[in-house]
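**Student:** need the 3D shape of this:
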Amino acid sequence: MLDTTRTLDRIERALDTDPFCPVCDAPTVIRQRGGHLWLECSTTAEVAPDGLVARIGAVVTRHPSRIVADLTELVAA
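**Tutor:** As a prediction, this is how the structure comes out:
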């Protein structure tokens with residue numbers, strides 16, 4: 001079970017720990033997808049890459065993408 005305060009703390013810690021992408025040095029952002037909050041490179045597309053070259057590029061240059069919080073566990077405090 002998560003509460004709003006702990007969720008905000010997780011977001012802040014994730015952004016403080018990894019403020020920039022180690023691959024391209026762009027800022028990292030928090031995005032909501034599939035009931036989770038993800039820390040991702042701001043240059044990473046929000047949807048899966050379309051096309052063979054784009055998919056190969058996404059695998060070769062692995063920008064950070066990790067779950068920060070599971071929103072399905074979030075309850076009102």
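
**Student:** show me the strands in this structure, by range?
**Tutor:** Assigned by DSSP state E, the chain shows strands spanning 28-33, 36-41, 65-70.

**Student:** can you list contacts of the first one?
**Tutor:** Strand 28-33 is contacted from outside by 11, 14-15, 18-21, 37-42, 46, 64, 68, 71, using CB atoms under 8 Å, 6 or more residues apart in numbering. Every residue, glycine included, has its C-beta placed from N, CA and C.

**Student:** go through the strands of the chain and pick out the most buried.
**Tutor:** Mean neighbour count (mean count of other CB atoms under 10 Å) peaks for strand 36-41 among those, with a mean of 20.

**Student:** give me the residue at the spatial middle of this protein.
**Tutor:** residue 39 (2.1 Å; CA atoms, centre = their mean).

**Student:** right, and that one touches residue 18 too?
**Tutor:** Yes. Using CB atoms under 8 Å, residue 39 makes contact with residue 18 at a distance of 6.2 Å.

**Student:** shared neighbours of those two, anything?
**Tutor:** With CB under 8 Å, 6+ apart, residue 39 and residue 18 have common neighbours 28, 64.

**Student:** residue 19 and residue 65, how far apart?
**Tutor:** Relative to residue 65, residue 19 is positioned 15 Å away (CB to CB, to the nearest Å).

**Student:** my guess is residue 21 meets residue 42, correct?
**Tutor:** Yes. Using CB under 8 Å, residue 21 is in contact with residue 42, at 7.5 Å.
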